[in-house]
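Visitor: Predicted model follows, preceded by the sequence.
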Amino acid sequence: MSLLQAFVLGIVQGLTEYLPVSSSAHLVLVPWALGWEFEPNAAFAFDVLVQLGTLVAVIVYFWKDLMQMLRAVFQALRERRVTQDPYIRLAAWIVLGTIPAVIAGVALKDAVESAFASPVATSAFLLVTAVLLFIAERIGKRVRPLESLTWKDAVWIGLAQAVSIFPGISRSGATISAGVMRDLERPAAARFSFLLSIPVMIGAGALALADLARLPSAASFAPALVIGFVSAAIVGYASIHWMLGFVTRHSLAVFSAYCAIIGLLGLGLGLIRGG
């Protein structure tokens, strides 16, 4: 992997992790469309590092919220009392919403790995993202603030996150759509979606780093990994900020159309190349 390729794919990851267009699909389809072929170990290590870059971005962006949640939880534990602090409730709903993705990740590991090896399957899953975004805009009333979130909302959005472990089904697209379907305002749905991504990304990153540490050749492509990590982190932070502002004023329809177009183009290219 060249430094230019690492820079480009780092930007792709940073842009698409928090936009509802599937970063995993773009990391599969962009190299495939451009004819870039990477040594499997290098590709694995790169995917790990760029995802950790966008994890750093979301933690930095929501640092104050995360600290408020931690302080509220520790205070409640220290005082040994039940409290209605909104930050405790938000932390509880994040934990609850994370459980379905953990179960799905363990149960569907082999199927997910097979899908990552198939650009055609990834393209088809992008169409699923397009449908979810379209339905959310059609049926969601978009009237509820984040403070109104309930355990039922958390479970529903968590199930959407579980489905999004397949490449092409955007994690942010599925979870934002699920929130809007529950009548959350778009910014509220997006904010909870981004916060909900943190535990899953930490867990996946820890497991992947353990595998990465066992690769004897990891140090040989360290410069490319660093460039991909830094570019993903910087662009990811900007992407979060832009997305939260965009959904305040605009619908998700443009992302639905984009996913449909890219998914159809991917399927067409797959037919031309014979899969």
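Guide: Alright, I've got the coordinates. None of the values given here were measured: they were computed from a predicted structure.

Visitor: rest of the way, CA atoms for contacts and neighbours
Guide: Fine.

Visitor: what's the least confident helix or strand in this structure, going by average pLDDT?
Guide: Lowest on mean pLDDT, DSSP states H and E among the helices and strands of the chain sits helix 109-116, with a mean of 67.

Visitor: Nearest residue to the spatially most central residue of the chain in space, please, no chain neighbours.
Guide: By C-alpha atoms, centre = their mean, the chain has its centre lying nearest to residue 171, at 4.2 Å. Distances taken as C-alpha to C-alpha, 6 or more residues apart in numbering put residue 164 closest to residue 171, at 4.9 Å, once the chain neighbours are dropped.

Visitor: Give me the phi and psi angles of that neighbour.
Guide: Dihedral pair for residue 164: phi -80, psi 10, per degrees, to the nearest 10.

Visitor: Burial check on it, number of neighbours?
Guide: Residues within reach of residue 164, counting by other C-alpha atoms under 10 Å, total 26.

Visitor: Might you report the residue contacts of it?
Guide: Neighbouring residues of residue 164 by C-alpha atoms under 8 Å, 6 or more residues apart in numbering: 170-171, 174.

Visitor: From the chain's centroid, how far away is the helix or strand where residue 161 lies?
Guide: Remark: residue 161 resides in helix 151-163, with elements defined by DSSP states H and E. For helix 151-163, the separation from the chain centroid amounts to 14 Å (computed by C-alpha atoms, centre = their mean, to the nearest Å).

Visitor: ranges for the helices of this structure?
Guide: With DSSP state H, the ranges of helices along the chain come out as 3-17, 23-34, 40-61, 63-79, 86-107, 109-116, 119-139, 151-163, 171-181, 186-213, 222-249, 253-273.

Visitor: Can I get the last one in CSV, CA atoms only?
Guide: C-alpha atoms of helix 253-273 as CSV (Å, rounded to 0.1, in the frame of the first residue of the first chain):
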residue,chain,number,x,y,z
ALA,A,253,-33.1,11.8,1.2
VAL,A,254,-29.8,12.8,-0.4
PHE,A,255,-28.0,10.0,1.3
SER,A,256,-30.7,7.5,0.3
ALA,A,257,-30.3,8.5,-3.3
TYR,A,258,-26.5,8.4,-3.0
CYS,A,259,-26.5,4.9,-1.6
ALA,A,260,-28.9,3.7,-4.2
ILE,A,261,-26.7,5.1,-7.0
ILE,A,262,-23.5,3.7,-5.7
GLY,A,263,-25.1,0.3,-4.9
LEU,A,264,-26.5,0.1,-8.5
LEU,A,265,-23.1,1.1,-10.0
GLY,A,266,-21.4,-1.5,-7.9
LEU,A,267,-23.8,-4.2,-9.0
GLY,A,268,-23.4,-3.1,-12.6
LEU,A,269,-19.6,-3.2,-12.3
GLY,A,270,-19.8,-6.6,-10.7
LEU,A,271,-21.8,-7.9,-13.7
ILE,A,272,-19.3,-6.4,-16.1
ARG,A,273,-16.4,-8.0,-14.3
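
Visitor: which other helices and strands contact that helix?
Guide: Packed against helix 253-273 by the contact rule (3 or more C-alpha pairs under 8 Å, 6 or more residues apart in numbering; DSSP states H and E) you find helix 119-139.

Visitor: Pull out the buried positions in the helix it packs on.
Guide: Neighbour counts over helix 119-139 (16 or more other C-alpha atoms under 10 Å) mark 119-137 as buried.

Visitor: follow-up on the earlier one: export the helices of the chain to JSON lines and tack on distance to residue 145?
Guide: What follows is the helices of the chain, written out as JSON lines (distance: least, C-alpha to C-alpha, whole Å):
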{"stretch": "helix 3-17", "distance to residue 145": "24"}
{"stretch": "helix 23-34", "distance to residue 145": "27"}
{"stretch": "helix 40-61", "distance to residue 145": "20"}
{"stretch": "helix 63-79", "distance to residue 145": "16"}
{"stretch": "helix 86-107", "distance to residue 145": "12"}
{"stretch": "helix 109-116", "distance to residue 145": "34"}
{"stretch": "helix 119-139", "distance to residue 145": "16"}
{"stretch": "helix 151-163", "distance to residue 145": "12"}
{"stretch": "helix 171-181", "distance to residue 145": "11"}
{"stretch": "helix 186-213", "distance to residue 145": "6"}
{"stretch": "helix 222-249", "distance to residue 145": "12"}
{"stretch": "helix 253-273", "distance to residue 145": "21"}
